[in-house]
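Chemist: Following is a predicted model, sequence given first.
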Amino acid sequence: MDVIERIEKQLRENPVILYMKGTPEFPQCGFSGRAVQILERCGVEYAYVNIFDDPELRENLKTYSQWPTFPQLYIRGELVGGSDIMLDLFEKGELQRKLAAAKDAEGSR
């Protein structure tokens, strides 16, 4: 399976996925740490990928998403953005709505 197929498989199989630097328990940059805090405040289950574990995925995800930085949050296969966008959406209540819709869609499968 090539790297694009792996990315697409991860997006299909995980309603909420965060591509980040490090892990939720040990984020390796402040932006990834903030993204984790936001998701935890939302009380949502999410998958994550430590981009440092897979350099090929890290480089190709930038092209795939047309987003040059990390973290990158995807909900139902759609790029939401990085931690600044996540924070803005969270403060407006929009992130919580998107996450709730993803959970509802997952439950109706």
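Modeler: Right, received. Where do you want to start?
Chemist: Show me the shaky parts of this protein.
Modeler: Where the chain drops to pLDDT under 70, the residues are 106-109.
Chemist: now the helices for this structure?
Modeler: Taking DSSP state H as the test, the helices found in the chain are 3-13, 30-42, 55-65, 83-92, 94-107.
Chemist: Nearest to residue 20 among those would be which one?
Modeler: helix 30-42 (4.0 Å; CB to CB). The C-beta positions use only the backbone N, C-alpha and C, and glycine is treated the same way.
Chemist: and the closest one, how far from the chain's centre?
Modeler: 10 Å (CA atoms, centre = their mean, to the nearest Å).
Chemist: and it, what other elements does it pack with?
Modeler: Under the contact definition 3 or more CB pairs under 8 Å, 6 or more residues apart in numbering; DSSP states H and E, helix 30-42 sits against strand 16-20, helix 83-92, helix 94-107.
Chemist: Most tightly packed of the helices of the chain?
Modeler: Ranked by mean neighbour count under mean count of other CB atoms under 10 Å, the helices of the chain are led by helix 30-42, which reaches a mean of 18.
Chemist: what angle sits between that one and helix 94-107?
Modeler: Angle, helix 30-42 to helix 94-107, by axes from the mean of the first three to the mean of the last three CA atoms, to 10 degrees: 60 degrees.
Chemist: Identify the residues contacting residue 11.
Modeler: Counting by CB atoms under 8 Å, 6 or more residues apart in numbering, residue 11 touches 17, 74, 77.
Chemist: okay if I get these as JSON lines plus distance to residue 99 and neighbour count?
Modeler: As requested, the contacts of residue 11 are exported to JSON lines (distance: CB to CB, whole Å; neighbours: other CB atoms under 10 Å):
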{"residue": "17", "distance to residue 99": "12", "neighbour count": "20"}
{"residue": "74", "distance to residue 99": "12", "neighbour count": "23"}
{"residue": "77", "distance to residue 99": "14", "neighbour count": "14"}
